[in-house]
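[1] Okay, sequence plus prediction incoming.
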Amino acid sequence: MLKPVPLTVLEGYEMIPQAIISRPTSYFAVRHSIPFSHEHDDLDEYEVAAVQIGDGLVFAMKHYQGYPENTTTIYLPDRIKRVTEISYVIEAISRELGISRDLIMWQRSDDPDL
């Protein structure tokens with residue numbers, strides 16, 4: 001089950017990009033009622049949402065202005081380090097989001113040393 005949570009829940013975590021989905025943030029906003037905020041950092045402006053999945057794992061969904069259009073990147077907390085664990089979590093998130101594997105343009109297992 002997906003549950004949007006306040007962005008403040010992400011504070012204290014270092015979030016690492018672990019997968020790119022070929023759907024815009026608006027797709028998830030409409031389909032799953034996930035509210036995205038417009039933010040900015042030293043790099044660029046971006047849209048972001050914090051989401052909790054089933055067992056309490058919180059992840060971020062982001063799209064930086066300079067990234068390819070119609071994509072959303074999944075960020076996981078840096079405590080999830082093993083590629084097998086990352087892949088398992090991305091698969092669980094994909095199921096909850098109702099997206100098929102062919103919509104995952106990239107994930108950590110494609111380039112574990114990156």
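    Thanks, I have it.
[2] Ile90: what secondary structure?
    Recorded secondary structure, Ile90: helix (DSSP: H, G, I helix; E, B strand; the rest coil).
[3] can you check the one 4 residues further on too?
    Reducing the assignment to helix, strand or coil with three-state DSSP, the entry for Ser94 is helix.
[4] and the spatially closest residue to it that is not a sequence neighbour, how many neighbours?
    By the measure of C-beta to C-beta, 6 or more residues apart in numbering, the closest residue to Ser94 outside its immediate chain neighbours is Ile104, 6.6 Å from it. All C-beta spots, glycine's among them, are computed from the backbone N, C-alpha and C. The number of residues packed near Ile104 is 19, by other C-beta atoms under 10 Å.
[5] Against Asp42, how distant is Ile104?
    Separation of Ile104 from Asp42 (C-beta to C-beta, to the nearest Å) stands at 28 Å.
[6] and the residue nearest to Ser94, bridged to which residues?
    Taking DSSP bridges as the rule, Ile104 bridges to Ile21.
[7] so it touches Ile90, yeah?
    Yes: shown here, Ile104 and Ile90 form a contact pair, counting by C-beta atoms under 8 Å, at 7.2 Å.
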